[in-house]
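K.L.:
sharing a sequence plus its predicted fold:
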Amino acid sequence: MNFYVLKAGFIFMAKEGWNIVMILVDDAGGKWPQINHSPWNGCTLADFVMPFFLFIVGVAIALSFKRITEMAPAIKKVILRTLKLLFWGILLQGGYSHAPDDLSYGVNMKRIRWCGILQRIALAYLVVSLVEITTAKARPTNLPSERFAIFKLYIWHWLVGLCVFLIYFAITYGLYVPDWHFVVHDEDSQDIGKSFTVKCGVRGHLGPPCNAVGYVDRQVWGVNHLYLNPEWTRSKYCTENSPGEGPLRKDAPAWCLGPFEPEGLLSSISAILSTIIGVHYGHILIHFKDHAQRLKHWVTMGFGFLILGIILHYTDAIPLNKQLYSFSYVCLTAGAAGLVFSAFYLLIDIWGLRTPFLLLEWMGMNAMLIFVMAAQAIFPAFVNGWYYETPNNTLVHWIQKHIFIKVWHSRRVGLLLYVLFGEILFWGIVAGICHQFGIYWKL
């Protein structure tokens with residue numbers, strides 16, 4: 001089985017497709033709200049990226065630790081990789097880098113952002129890997145023939161998942177959220193320096209201003225260490241251009257100016273569930289050798305989670321919400337991830353259609369390189385550092401303007417095509433060249 005192709009396939013299917021539809025959304029999402037994150041409740045293309053990647057991390061954990069000779073070195077490896085992920089996450093998304101258009105570097109430690117994409121991955125990877133490693137010796141090597149044996153064999157994984165669900169559910173619906181205060185620190189806001197109070201005094205609220213997820217982050221990290229431009233600024237409560245970007249409404253509530261951490265502590269605890277479901281798919285891959293058996297388990301479970309997530313959302317029991325990482329969102333995205341995983345397995349491993357996915361395979365082999373250089377805009381920032389007369393007159397801006405935007409007489413279409421060809425295709429080719437020379441960026 002070519003795991004890199006499957007991994008790259010997931011990268012393709014998510015907003016950044018990890019990196020692919022991250023690059024697409026980050027660079028074109030402002031002009032195309034249909035592919036951008038949902039402002040609050042709901043689920044768009046962009047909202048599938050994080051859970052898809054956490055799912056494939058789970059599959060990778062199962063394959064990486066299917067044979068553990070010594071526990072201590074394996075745990076050491078996991079802790080070291082977790083620390084690397086935390087380091088890169090804080091460096092890239094903590095505020096130190098202002099790429100690509102702002103060529104300055106540095107962050108005020110009073111307002112550094114502690115959470116981010118890689119930090120969430122680090123937490124899920126650490127927890128699920130430790131469960132996989134520490135329970136390995138207690139499991140029999142061969143799968144018993146009894147019904148539901150695959151679930152019984154990995155009962156500790158599901159018990160951890162149940163604990164995660166109960167912790168998240170209890171805090172989300174049981175924690176009292178008092179009023180809170182914040183000062184606007186966004187330098188692009190005309191209200192910078194002003195102080196606001198958000199009235200709450202509720203319990204179990206799932207709206208933007210008064211949910212327990214945001215309250216936990218304000219208490220743990222501090223209100224000045226959260227993300228300054230949350231997706232809720234594109235909600236109908238904040239702008240008339242919703243779900244697109246636009247100026248705040250005149251009657252917009254104060255919380256529209258407030259910070260919110262989309263990769264916060266409580267939501268990241270819930271995100272562990274996506275990786276636990278992914279590791280189960282990996283276990284099926286290890287223990288079942290027949291294609292039909294694998295697909296039967298994967299597809300059945302995928303549709304089960306997908307339907308459960310849809311029912312929870314449309315009955316208003318638990319809305320789909322990426323910012324809160326709600327349980328319905330876990331179910332819907334895990335189900336979709338399982339079905340997409342099954343489709344790639346069918347196309348690549350059973351039907352042998354590897355050639356059409358070579359670009360994805362290369363990108364999957366160097367996902368970290370593309371995430372840092374493209375999705376986090378480090379390479380465009382380097383190019384923009386070599387400008388002519390003004391910082392806005394650079395090779396990147398010239399290519400966008402003259403090769404894409406002017407040709408199509410549309411900024412929306414031009415930017416979309418630039419992202420598709422000038423970034424995604426470009427970095428796919430770069431990843432292919434790196435593969436030919438055996439160059440990989442791994443943690």
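P.N.:
That came through fine. The model shown is predicted, which means the values in this text are computed figures rather than measured ones.
K.L.:
return the residues in contact with the residue nearest to Arg113 when sequence neighbours are not counted.
P.N.:
Once flanking residues are discounted, Arg113 sits nearest to Gly94: 4.9 Å by C-beta to C-beta, 6 or more residues apart in numbering. Every C-beta, even on glycine, is put in place using the N, C-alpha and C of the backbone. Gly94 makes contact with 107, 112-114, 116, according to C-beta atoms under 8 Å, 6 or more residues apart in numbering.
K.L.:
swap the cut-off to 7 Å and go again
P.N.:
Gly94 makes contact with 107, 112-114 under the criterion C-beta atoms under 7 Å, 6 or more residues apart in numbering.
K.L.:
next one: Met368
P.N.:
Met368 neighbours (C-beta under 7 Å, 6+ apart): 441-443.
K.L.:
among those residues, which are located in helices?
P.N.:
Of those, none are assigned to helices by DSSP state H.
K.L.:
now those residues: which count as buried?
P.N.:
Buried by 16 or more other C-beta atoms under 10 Å: nothing, out of the contacts of Met368.
K.L.:
got those as TSV, with distance to Val49 and pLDDT columns?
P.N.:
Converted to TSV, those look like this (distance: C-beta to C-beta, whole Å; pLDDT from 0 to 100):
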residue	distance to Val49	pLDDT
Trp441	20	86
Lys442	21	80
Leu443	19	76
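K.L.:
which one of the residues you listed is nearest to Ala170?
P.N.:
For the contacts of Met368, the closest approach to Ala170 (C-beta to C-beta) belongs to Leu443, at 33.3 Å.
K.L.:
does that closest one touch Leu85 like I think?
P.N.:
Yes: using C-beta atoms under 7 Å, Leu443 is in contact with Leu85, at 6.3 Å.
K.L.:
which parts of this structure are strands?
P.N.:
176-177, 180-183, 195-198, 202-203 (DSSP state E).
K.L.:
how close does Val131 sit to Gly364?
P.N.:
25 Å (C-beta to C-beta, to the nearest Å).
K.L.:
neighbour-wise, which of the two wins?
P.N.:
More neighbours surround Gly364 than the other of Val131 and Gly364, with 25 against 21 (other C-beta atoms under 10 Å).
K.L.:
against His205, how distant is that one?
P.N.:
Gly364 sits 40 Å away from His205, going by C-beta to C-beta.
K.L.:
where does the stretch 251-400 of the chain have low pLDDT?
P.N.:
Within the stretch 251-400 of the chain, no stretch has pLDDT under 70.
K.L.:
actually the stretch 1-150 of the chain, not the one I typed
P.N.:
Using pLDDT under 70, the flagged stretches of the stretch 1-150 of the chain are 1-34, 138, 140-141.
K.L.:
any idea which residue sits dead centre in this protein?
P.N.:
Met50 (2.2 Å; C-alpha atoms, centre = their mean).
K.L.:
show me what contacts that residue?
P.N.:
By C-beta under 7 Å, 6+ apart, the neighbours of Met50 are Ile117.
K.L.:
just list whatever residues bridge to the closest residue to Pro247 other than its chain neighbours.
P.N.:
Excluding the flanking residues, the one nearest Pro247 by C-beta to C-beta, 6+ apart is Thr239, at 6.6 Å. Counting by DSSP bridges, Thr239 forms beta bridges with Leu248.
K.L.:
what's the spatially most distant residue from the centre of the chain sitting at in phi/psi?
P.N.:
The centre of the chain is farthest from one residue, Glu389, which by C-alpha atoms, centre = their mean lies 37.9 Å away. When read as degrees, to the nearest 10, the backbone of Glu389 gives phi 70, psi -60.
K.L.:
so what's it up against?
P.N.:
Glu389 neighbours (C-beta under 7 Å, 6+ apart): none.
K.L.:
neighbours around the residue lying closest to Ile307 once chain neighbours are set aside, how many?
P.N.:
Among residues not flanking Ile307 along the chain, Gly335 sits closest, at 7.3 Å (C-beta to C-beta, 6+ apart). For Gly335, the neighbour count with other C-beta under 10 Å is 21.
K.L.:
distance between stretch 343-356 and the chain's centre?
P.N.:
25 Å (C-alpha atoms, centre = their mean, to the nearest Å).
K.L.:
can I get the CA coordinates of it in CSV?
P.N.:
Taking Å, rounded to 0.1, in the frame of the first residue of the first chain, the C-alpha atoms of stretch 343-356 are listed here in CSV:
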residue,chain,number,x,y,z
ALA,A,343,-12.1,5.9,-2.3
PHE,A,344,-8.3,6.6,-2.6
TYR,A,345,-7.6,3.1,-1.4
LEU,A,346,-9.9,1.7,-4.2
LEU,A,347,-8.4,3.9,-6.9
ILE,A,348,-4.7,3.5,-6.0
ASP,A,349,-4.3,0.1,-4.3
ILE,A,350,-7.0,-1.9,-5.9
TRP,A,351,-7.3,-0.4,-9.4
GLY,A,352,-3.6,0.7,-9.6
LEU,A,353,-4.3,4.2,-10.7
ARG,A,354,-1.1,5.7,-9.3
THR,A,355,0.1,7.9,-12.1
PRO,A,356,-2.7,10.5,-12.0
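K.L.:
show me which parts of that stretch are buried, residue by residue.
P.N.:
343-349.
K.L.:
straight-line length of stretch 404-421, end to end?
P.N.:
Terminal residues of stretch 404-421 lie 10 Å apart, using C-alpha to C-alpha, to the nearest Å.
K.L.:
buried stuff in it?
P.N.:
Neighbour counts over stretch 404-421 (16+ other C-beta under 10 Å) mark 404-405, 413-420 as buried.
K.L.:
now, which of the residues you listed sits nearest Lys199?
P.N.:
Using C-beta to C-beta, Leu415 is the member of the buried residues of stretch 404-421 that lies nearest Lys199, at 39.3 Å.
K.L.:
what's the spacing between the closest one and Gly204?
P.N.:
41 Å.
K.L.:
list the residues that contact Tyr154.
P.N.:
Contacts of Tyr154 by C-beta under 7 Å, 6+ apart are 280, 283.
K.L.:
measure it to Arg139 for me?
P.N.:
From Tyr154 to Arg139 the distance is 7 Å (C-beta to C-beta).
K.L.:
and Gly193, by the same measure?
P.N.:
Gly193 is 58 Å from Arg139, by C-beta to C-beta.
K.L.:
I'd say Tyr329 and Asn321 touch.
P.N.:
Yes: proximity of Tyr329 to Asn321 meets the contact threshold set by C-beta under 7 Å, at 5.7 Å.
K.L.:
in the stretch 251-400 of the chain, which spans are helices?
P.N.:
265-287, 291-314, 327-344, 358-365, 367-370, 378-384, 395-398 (DSSP state H, counting those that start in this stretch).
K.L.:
closest to Pro73 out of those?
P.N.:
That would be helix 265-287 among the helices of the stretch 251-400 of the chain, by C-beta to C-beta, at 20.1 Å.
K.L.:
the closest one to helix 327-344, inter-axis angle?
P.N.:
Angle, helix 265-287 to helix 327-344, by axes from the mean of the first three to the mean of the last three C-alpha atoms, to 10 degrees: 30 degrees.
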